[in-house]
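Undergrad: from the sequence below, what's the structure:
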Amino acid sequence: MTRTQMKKIFVSCLSALTTICDAVNRPSWAISSHQLSTCYDFIIVGAGSAGCRLAEKLSAIQDVKVLLLEAGGAPPDFTAIPLLTRLSFEGDWVQRYRVEPMKNAFITKPNQPQSIVTGRVLGGGSSINLMNYERGSLRDYDTWDKDYGARGWNGEEMFKYFRFDENNHDYELSDETHGRKGNLQVTSSYDTNILRGFFGASSQMGYSVRDINDGNVEGVYRMQATIGPDGHRSSAFTAFIQPHLGSRKNLHVAIGAFVTKIIFQKTSDPNVTTAHGVEFVMDGKHHKICTLKEIVLSAGAIESPRLLMLSGVGPKQHLEDMQIDVVSDLPVGQNLQNHVAVRGIDGAINATTFLEIPSVNDIKALMDWYKFGKGPFTSPYGTHLGVGFYKMNESDSTPDIEIMLQGLRDDAPPCTFQDNKGGPANFNLLTILMRPKSRGTVRLRNKDARVPPIIDLNYFDNADDIEILARVLIMQAPNFRLISSIQRRSLALEFLTQLLQLTPAKTKTRVHSTIGDA
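TA: Coordinates of the predicted model:
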């Protein structure tokens, strides 16, 4: 058999991986509708990152009965391979939401329907995302505690829990900062020449290479990722739920369970209403399950506010317009935030060996992943990222900009950014707004639980967001010469002009970072 024939077979096998696992087929460990109990101590709606972690923690108490409800199913097998991450953005395991046209931005392509993607699968976004492991700034958590009244959510306390859950396999990193005994597997990035070039250029600009998760944030970093030493994805599902399937009899995991309503009931105090249970559809049947203690809503930044409003918790006028009885008048769905990302400079490398990005049909690279859990297949892009965090104003306490280094090949498969063309090997600097001031909304279209909500991302509604991004892109041009062996392509001057004139800007939605709406 020739090498060409082997490559064709290899690519066919990779493609087949996307279809061998139906996300809603029920595994033996998932309960069926007739196995449901009438009541549970805790009902957790949504088996994403938060839902899986909470289910593991609560079910560790033997006499506490926990029901974890997930609308999707088990993640497909291929999602364990980091290089194939981009393939995970289409299929039964994701929920794609149409978003409303924005006056100041569009996502990737103009004059086309815009959408965002979330995980509809056990593990949620952690089962399909790009696996970047970033804790954030200690100061941000301190702000939650001091300014917003979230007592106990300060940086010191939060980092204790991060360390507890983490099993970091980079032993050059400090044991005081990183955990070694947790269930969430973390490794550091696959090394390349361009990554070293990125660090060298940043050093000349005065930024040192740091540990991205030491809490200080400002500087440049080698990426850490939720990938185990075996080269497989480590998600909230594989880390916290999968090890206990079948062994914890007090933990029931229900997949294909679409929750339609939270049931509220009055108490002896006329001013107090409590959540009593949930209604959901599973196996084509409607179910009502009660809770003895609490319902935990962890369905994400879109589904959580939608479910609350369907249940009567939200803006009074909007609920009345939808003919929904008002349980509580609260500003649900009014604080949608996202880390907007803008394509910065595209570059082409003269020497292909400088970038060291494999083709997806590189058999040796596949074998390195399969046998040793090493090499380029352990990266969601074919080459791991470098990242830098920068303050545009020295008076700011934490950085407001993140710049990611992305490397790509011209023959990249559909699981990578196909729009990066122009040389034997390409890279891009993706500029991400860390603290946007613009706010979007989630509203109901009607009171039918099956109808998707109205999502207005409202990017760049606040002019400060545009100004910061424009300043960063302008800053990149002269400093880019510091990276050696690069033939720089021209900057999109028209795009910069659009930014500065506050006209529609081409943006990307950073995958699975939408927050703060319920």
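
Undergrad: what count of nearby residues applies to the closest residue in space to D165 that isn't next to it in sequence?
TA: Among residues not flanking D165 along the chain, G182 sits closest, at 4.3 Å (C-beta to C-beta, 6 or more residues apart in numbering). Quick note: C-beta positions are derived from backbone N, CA and C, even for glycine. Per other C-beta atoms under 10 Å, the neighbour tally for G182 reads 18.

Undergrad: beyond the biggest strand by length in the chain, next helix or strand please.
TA: Ranked by number of residues, the top strand in the chain under DSSP state E is strand 285-297. Using DSSP states H and E, the helix or strand that follows strand 285-297 in sequence is helix 300-310.

Undergrad: what mean pLDDT does the very next helix or strand once past that next one have?
TA: Counting by DSSP H and E, the next helix or strand C-terminal to helix 300-310 is strand 313-314. If you average the pLDDT over strand 313-314, you get 98.

Undergrad: and the helix or strand following strand 313-314, how far from the chain's centre?
TA: Sequence-wise, the next helix or strand downstream of strand 313-314 (DSSP H and E) is helix 316-321. Taking the mean of its C-alpha atoms, helix 316-321 sits 31 Å from the chain's own mean (C-alpha atoms, centre = their mean, to the nearest Å).

Undergrad: next: stretch 221-234.
TA: With C-alpha atoms, centre = their mean as the basis, the mean position of stretch 221-234 lies at 15 Å from the chain mean.

Undergrad: just the CA trace of it, in PDB.
TA: C-alpha atoms of stretch 221-234 as PDB (Å, rounded to 0.1, in the frame of the first residue of the first chain):
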ATOM      1  CA  TYR A 221       2.300  32.700  28.800                       C
ATOM      2  CA  ARG A 222       2.600  29.200  27.500                       C
ATOM      3  CA  MET A 223      -1.000  27.900  27.300                       C
ATOM      4  CA  GLN A 224      -2.200  25.300  29.800                       C
ATOM      5  CA  ALA A 225      -5.000  23.000  28.600                       C
ATOM      6  CA  THR A 226      -7.400  20.500  30.100                       C
ATOM      7  CA  ILE A 227      -5.600  17.700  28.300                       C
ATOM      8  CA  GLY A 228      -4.300  14.700  30.200                       C
ATOM      9  CA  PRO A 229      -0.800  13.200  29.900                       C
ATOM     10  CA  ASP A 230      -2.300  10.600  27.600                       C
ATOM     11  CA  GLY A 231      -3.200  13.300  25.100                       C
ATOM     12  CA  HIS A 232      -7.000  13.000  25.700                       C
ATOM     13  CA  ARG A 233      -9.400  15.800  26.500                       C
ATOM     14  CA  SER A 234     -10.300  16.200  30.200                       C
END
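
Undergrad: show residues contacting the longest strand of the chain.
TA: Strand 285-297 is touched from outside by 33, 36-46, 51, 54, 67, 262-263, 275-281, 304, 307-308, 518, with contacts defined as C-beta atoms under 8 Å, 6 or more residues apart in numbering.

Undergrad: any buried residues in stretch 395-407, and which?
TA: Residues of stretch 395-407 classed as buried by neighbour count (16 or more other C-beta atoms under 10 Å): 398-407.

Undergrad: for the stretch 301-450 of the chain, which residues score under the pLDDT cut-off?
TA: Scanning the stretch 301-450 of the chain for pLDDT under 70 picks out 343-361, 381-385, 407-427.

Undergrad: no further queries at this time; thank you.
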